[in-house]
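> Just the structure for this:
(chains A and B)
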Amino acid sequence: MQIGVLVSFAVLSALLVVLFVVAAAASGAELPADEVRARGYWLRKRWLALLAAAAPVLIGLGILLAPFPSGSGADRTEISVVSGQFFFQLDPATVPAGTRARFVLTSRDVNHGMGLYGPDGVLKGSVQAMPGYENRLDVTLEQPGTYRLLCFEYCGLGHHVMEGRLEVTG
Amino acid sequence: MATEAATVFHPTAPALADARSEQALVGWLYGVTAVAVVGLMGLAGLALRLSQADILQLSPGWFYRLMTLHGAGMLTGTLVAMMGALWYVLRPTVPLRVERMLTAWGAIAAGAALVILSTLAGGFATGWTFLYPLPFLSVGAWDEWATVLFLAGLLLVGVGFLLFCVDVLAAVVAKYVRLSRALGIAYLRGRDDDPPPPAVIAGTVVAIDGLLALTVGTTIVVAELGRTFDSGVTLDALWAKNLTYFFGHSLANLIIYLAAGAIYVLLPRYAGRPWPTTKPIVVGWLATLLFVATAYSHHLYMDFVQPNWAGYVSLGASVAASIPVAVVTAYTGLMLVWGSSYRWTLASTLLYLGFLGWLIGGVGAVIDSLIPLNFRFHNTLWVVAHFHTYMLMGVVVWAVAFVAFLVERSGGRTASQARTWLGVGAMVVGGFGLVAMWYVSGALGLPRRYAVQPVGTEGYSVAGAVFALVFAAGFLLVVLELGLLARRAYRARLTGAGAADEEAELPEPADPGPGDVPLATLPQVVVALGLGAVALVALIPPINDAVADEVRWHHVQHALVFVVGVLLGLVLGSAPDAARRVGAHLPGVSLGLVVLAPAVLMLLMVPGVYGDLEDDGALHLAYHLAVIALGVLTGLGAARLGRVTGRIVALLAVAMPLLYAAGVTGG
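Numbers count the residues shown, from 1 in each chain, chains lettered A, B, ... in the order given. Next up, the predicted model:
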């Protein structure tokens, strides 16, 4: 998914670059200001309509697809993750493939984060760990193999070495 | 060779009214300071990238302290640049006070010095976000004095920005009488035929949102400062994170909006067309006023203990915030340039290119603000990519553009075309190349703020480092060119051959009159006294009973006592005789009172300070009298800032201890 987002972003950025090159090229001419304004305002109404239509769609999709945990989690296997400077402690640390997991994260000291990477090295998602609070994250662990956990919130000089592992058996 | 030119602007550009010496002083002081700070902090950033690429060897201790300095320093440098630019363009229109701007510069410079000392000498390395409780759990990397210096440094920078915001607010109200008129609302409703120019509307929005951000920022910084001398104090981590990001997010946004305000005045000088106030501009800025204050919670999307509704509000605000940019400011900027026979100089080229960085970075930010995508991009290098796109390729480019504007204007000649092409070209290729490597790394899921990049990803760091070097070379070339032009301009001026400044008529600042007070009528005084009575009679007694069970109620009690003091101060300060006397005897002190008194109060609210006093009845009474006295001083100070500014400042002053009470326990 991330690569698709990157490509879409690159296309939009390229369109903006083209627009700026065209506008710079058009800047050399001397057109009547009233004429430019009349055409510009005509186009701007359509541009506004397009964005005004796109925004609710994006917001709606953002709400519908939000990965916030729902339900009591009774039908899920709870994996407790205690984070600290600079470690992750998982219980259990091994689960079978296909487990519908509910990660329950907290921190013993400062803010941390848990970036969860699948056996294929792709980031599946992340959630923050905060002292005094428990954050819950629902994920289905389908691929067997070793899942890596990297810290996703700067937590001190050992931030980059903070790592955990979750074994998902086949 | 620099190009000889009769004028550096478009032949039909709006007339200049910016030649007053105080205006030039502020412009040059802020512009040159900003470019120097941005350049030095850029070097720190370059060192980080070279270290990640394994070209330079930095220990984690040095990497993270430089990262902290780079973040805090770049925000400060760009803030200084855009405060200076907006002040410069607003001064001909509204009665801003040069002494406040010079004091603000001094406060920011002192704050920056403390931050440098804290990081480089003290090893302070929490990142600029100083996210609680990391400043107090350094695992031996830095001592508490470094934390104190860093927080004190941030406070001083905040004081500088606060002086600016209060001054802008007071000046626009002095000129346009009512806030609704300064914001263009009266024009929107058809009740004002002569609306303020767009830069004034932008400045008013920034001042209001800036004061909100500073209220929240001061609360969290002072709360953490209190923790340094009472280790028993506990801050709620979720509360602390909310406050930190409200402050940080708003500040970063406002830097861009400060720039937008300045561009409304600068760009027309090269396009030869005016940038008038229109209804879409007013609507866009009113929307921005709301969105800046409501979008910050996207920084807490992945803290699932944050209420979901906060995430949804932030999602809506973050997406909607892009519409005024895309439809009003950037769009109109392009429209202004289109077919205008645009005068391409170093300054105008950079002004134009800054829009591109702002828009591309904005697209990257909107993507990151969509909750399902944030799940995969949160705290990856994608975040670093998008904020560097609009901060480096937008705001930093505009900061250099502002100085180039000053230099080209002052010398009456434009920069060399060849060096402009070469320098700006290198900045564009290097800058966009640098951020492109971060976008790719972010899409691959690489986490941010890693001193050592994950194995197998070094190539992106190496490529990023090369692009960063190219950008640095371009930046240096442009700065050198500006230095040469500035020297020529200075010499020409000494011999009387340069562009002579003409003294323009500027609006004169004046203190608010005796009638311009927060409580101007008898009913207003009665309402204020009534609120104080309600606090004393109805609220404080039950809170006194609850104090034994929960320390937070103790803090609420102190905050309410302070509120009573502020109301009393407002009533006293609004009385005509008192207003005249306080105004006559305490010139300039009023602003100091409203800045210092609430901060001192929050430090007094640290349990380690008041805890021992509670056993002694007389000391306990003296403590509460001191709290009331601080409130009275705040109220008196606010009263001297006039009806609108005084009310806003008083409201925000009482918000701070109440906010503090919500999140601080222990002791």
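> Please tell me how far the most centrally placed residue in chain A sits from chain B.
Central residue of chain A (CA atoms, centre = their mean): A:Gly125, 6.5 Å from the mean position. Plainly put, A:Gly125 is 5 Å away from chain B if you go by CB to the nearest CB, to the nearest Å. Every C-beta, even on glycine, is put in place using the N, C-alpha and C of the backbone.
> List the residues that contact residue 26.
Chain wasn't specified; assuming chain A. B:338-339 (CB atoms under 8 Å, 6 or more residues apart in numbering or on different chains).
> Switch to chain B, please.
When contacts are counted by CB under 8 Å, 6+ apart, B:Val26 is found next to B:84, B:87-88, B:91, B:98, B:101-102.
> just these now: which is nearest chain A?
When the contacts of B:Val26 are compared for distance to chain A (CB to the nearest CB), B:Tyr88 comes out closest, at 24.8 Å.
> Measure how buried the closest one is and give me the count.
Other residues within reach of B:Tyr88 by the criterion other CB atoms under 10 Å in any protein chain shown amount to 26.
> May I ask you to name the longest helix in chain A?
Among all segments of chain A classified by DSSP state H, the helix with the greatest residue count is helix A:33-64.
> count of neighbours near B:Ala152?
Residues within reach of B:Ala152, counting by other CB under 10 Å, total 18.
> where along the stretch 401-550 of chain B do the helices fall?
Ranges of helices in the stretch 401-550 of chain B, per DSSP state H, counting those that start in this stretch, are B:417-443, B:458-494, B:522-534, B:540-546.
> Of the ones you listed, which is nearest A:Asp120?
helix B:417-443 (14.9 Å; CB to CB).
> Dead centre of chain B: give me the residue that sits there.
Centre of chain B computed as the mean C-alpha position; nearest residue by CA atoms, centre = their mean is B:Leu251, 4.0 Å away.
> ok, that residue touching B:Gly217?
Yes. At 7.3 Å, B:Leu251 counts as touching B:Gly217 under the criterion of CB atoms under 8 Å.
> Would you mind listing what in the stretch 401-550 of chain B touches chain A?
If contacts are counted using CB under 8 Å from any CB of the partner chain, the residues of the stretch 401-550 of chain B sitting beside chain A are B:439-440, B:442-445, B:447-452, B:454.
> Now render the residues you listed as JSON lines, adding pLDDT and neighbour count.
Listed next are these as JSON lines, based on pLDDT from 0 to 100; neighbours: other CB atoms under 10 Å in any protein chain shown:
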{"residue": "B:Tyr439", "pLDDT": "98", "neighbour count": "26"}
{"residue": "B:Val440", "pLDDT": "97", "neighbour count": "21"}
{"residue": "B:Gly442", "pLDDT": "97", "neighbour count": "28"}
{"residue": "B:Ala443", "pLDDT": "97", "neighbour count": "24"}
{"residue": "B:Leu444", "pLDDT": "96", "neighbour count": "19"}
{"residue": "B:Gly445", "pLDDT": "96", "neighbour count": "25"}
{"residue": "B:Pro447", "pLDDT": "97", "neighbour count": "26"}
{"residue": "B:Arg448", "pLDDT": "96", "neighbour count": "21"}
{"residue": "B:Arg449", "pLDDT": "96", "neighbour count": "22"}
{"residue": "B:Tyr450", "pLDDT": "97", "neighbour count": "20"}
{"residue": "B:Ala451", "pLDDT": "97", "neighbour count": "21"}
{"residue": "B:Val452", "pLDDT": "95", "neighbour count": "16"}
{"residue": "B:Pro454", "pLDDT": "90", "neighbour count": "18"}
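> So which of these is the closest to chain A?
Chain A lies nearest to B:Gly445 out of those, by CB to the nearest CB, at 3.0 Å.
> Tell me, how many residues neighbour the closest residue to the closest one other than its chain neighbours?
Leaving out its chain neighbours, the residue that sits closest to B:Gly445 by CB to CB, 6 or more residues apart in numbering or on different chains is A:Leu123, at 3.0 Å. Counted with other CB under 10 Å, residues neighbouring A:Leu123 total 25.
> who's in contact with A:Leu123?
By CB under 8 Å, 6+ apart, the neighbours of A:Leu123 are A:2, A:115-117, B:376, B:380, B:444-445.
> still on that earlier bit, ok, now which ones touch the residue nearest to the centre of chain B?
Residues counted as contacts of B:Leu251 (CB under 8 Å, 6+ apart) are B:75, B:79, B:161, B:210, B:213, B:217.
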